[in-house]
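# kindly return the folded structure for what I paste below:
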Amino acid sequence: MPPNRLSVNKKGWSLAEKLLDSSEEFGVVTKETSRGVTLIDAGIEAKGSLEAGRIITEICLGGYGEATISSKKYNDLTLPSISVQTNYPAISTLGSQFADWQIKAGNYYAIGSGPARALVRKNKKLYEKIEYMDESDQSVLVLETSKKPPESVIEQILLECKVRPNKLMLILVPTTSIAGSTQVSGRIVETGLHKLMKLGFDPKLAVHGFGSAPIAPVHSKFAEAMGRTNDAILYMGEADYEVKGFKDDEKLKRIVEKTPSSASSHYGRPFLQIFKEANYDFYKIDPNLFAPAVVSVKNTETGNMFKEGKINLDIFKRSIGVAT
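I've put the predicted structure just below:
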């Protein structure tokens, strides 16, 4: 498979430089390791910010998506919310943003997402599915983690990315931070497209993706923060796609019917409660739960639109501790 002309690493790198150039403004702390790798702390020791989370969302999308933050009213509840749109849904979300790189070393654990995935291509079947390959001498990896990675982990990432130390940036974003909460909600389009793909939809046929979700209030405890950020998508997130080249409306209708989180047998309780009942084992949770609350797909071939799912504000309020 030849390299694509769209390079998520080159575009992502230029966005990461914004964080470096205005670190104080965005509330991030930057440093270089002894080997010259750049670390950008967006919430471990750093204060972080909504704007840092917005830029990190765009970095995760490989620079081929735009994120905006606004205040949005959900009945009697007003929250900051993030909206994401992309003209390259498969490449920007599944080829870059998708969080499937598990990094483990001793007691260190992180989940990697963003442009560097397209260089390493651990999930080769996925990249073959979307027909994407990136080549770049610079790379950016976003690590969802509460600790700075040890030197051994950084060395392993360097080896896998095959770039020089001064050409690697690692962005550290805890779930228990405002930037972390922002970038998780910013995965709304990716979450929906991944679910559609699992149900038999060819993601390359998506020509535009748009989505929005509230940014969950930060919680200092990881499990609670993870529950809130998941619920922002599962019970409040909305994702919309335009598709081209899909001529079977009946099949598309059946796929969309099964796409929202409400199609799962585990739907209906805050994620933290579901997680506890599964003994904190993700593999015991119905994978069909991981999807936006509402999904709509517009078929440009037929002019028809299919929409399924529902917003569940009551469960989200319980999740974020709103007194009633």
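# C-alpha only now, for contacts and for neighbours.
Fine.
# and the strands in the protein?
29-32, 38-41, 66-74, 77-86, 101-105, 108-113, 139-144, 168-172, 206-214, 238-243, 294-299, 305-309 (DSSP state E).
# need those strands in TSV (columns: mean neighbour count).
TSV is the format used below for the strands of the chain (neighbours: other CA atoms under 10 Å):
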stretch	mean neighbour count
strand 29-32	16
strand 38-41	22
strand 66-74	15
strand 77-86	20
strand 101-105	14
strand 108-113	20
strand 139-144	27
strand 168-172	25
strand 206-214	24
strand 238-243	23
strand 294-299	23
strand 305-309	18
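# want to throw the ones you listed into JSON lines with distance to residue 275?
Converted to JSON lines, these look like this (distance: least, CA to CA, whole Å):
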{"stretch": "strand 29-32", "distance to residue 275": "32"}
{"stretch": "strand 38-41", "distance to residue 275": "28"}
{"stretch": "strand 66-74", "distance to residue 275": "26"}
{"stretch": "strand 77-86", "distance to residue 275": "25"}
{"stretch": "strand 101-105", "distance to residue 275": "19"}
{"stretch": "strand 108-113", "distance to residue 275": "18"}
{"stretch": "strand 139-144", "distance to residue 275": "18"}
{"stretch": "strand 168-172", "distance to residue 275": "24"}
{"stretch": "strand 206-214", "distance to residue 275": "21"}
{"stretch": "strand 238-243", "distance to residue 275": "23"}
{"stretch": "strand 294-299", "distance to residue 275": "22"}
{"stretch": "strand 305-309", "distance to residue 275": "22"}
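# compare these and give me the one nearest residue 121.
strand 101-105 (9.5 Å; CA to CA).
# ok now the closest one, how far from the chain's centre?
What separates the centre of strand 101-105 from the centre of its chain is 17 Å, taken as CA atoms, centre = their mean, to the nearest Å.
# correct me, but residue 299 touches residue 242?
Yes: using CA atoms under 8 Å as the test, residue 299 is close enough to residue 242 to be in contact (6.1 Å).
# quick check: neighbours shared by the two?
Residues touching both residue 299 and residue 242 by CA atoms under 8 Å, 6 or more residues apart in numbering: none at all.
# how about the helices in this protein?
8-21, 23-26, 50-60, 89, 117-120, 124-130, 151-161, 178-185, 188-198, 222-234, 249-257, 271-277, 313-320 (DSSP state H).
# redo these as JSON lines? Include mean neighbour count and distance to residue 291.
Listed next are the helices of the chain as JSON lines, based on neighbours: other CA atoms under 10 Å; distance: least, CA to CA, whole Å:
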{"stretch": "helix 8-21", "mean neighbour count": "20", "distance to residue 291": "24"}
{"stretch": "helix 23-26", "mean neighbour count": "17", "distance to residue 291": "30"}
{"stretch": "helix 50-60", "mean neighbour count": "27", "distance to residue 291": "18"}
{"stretch": "helix 89", "mean neighbour count": "27", "distance to residue 291": "16"}
{"stretch": "helix 117-120", "mean neighbour count": "24", "distance to residue 291": "22"}
{"stretch": "helix 124-130", "mean neighbour count": "14", "distance to residue 291": "18"}
{"stretch": "helix 151-161", "mean neighbour count": "16", "distance to residue 291": "29"}
{"stretch": "helix 178-185", "mean neighbour count": "28", "distance to residue 291": "12"}
{"stretch": "helix 188-198", "mean neighbour count": "25", "distance to residue 291": "5"}
{"stretch": "helix 222-234", "mean neighbour count": "25", "distance to residue 291": "6"}
{"stretch": "helix 249-257", "mean neighbour count": "16", "distance to residue 291": "11"}
{"stretch": "helix 271-277", "mean neighbour count": "17", "distance to residue 291": "12"}
{"stretch": "helix 313-320", "mean neighbour count": "19", "distance to residue 291": "15"}
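# in TSV, list the ones you listed along with mean pLDDT and distance to residue 78.
Converted to TSV, those look like this (pLDDT from 0 to 100; distance: least, CA to CA, whole Å):
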stretch	mean pLDDT	distance to residue 78
helix 8-21	97	28
helix 23-26	97	23
helix 50-60	98	16
helix 89	98	29
helix 117-120	97	35
helix 124-130	96	37
helix 151-161	96	40
helix 178-185	98	15
helix 188-198	98	19
helix 222-234	97	13
helix 249-257	98	29
helix 271-277	94	21
helix 313-320	97	11
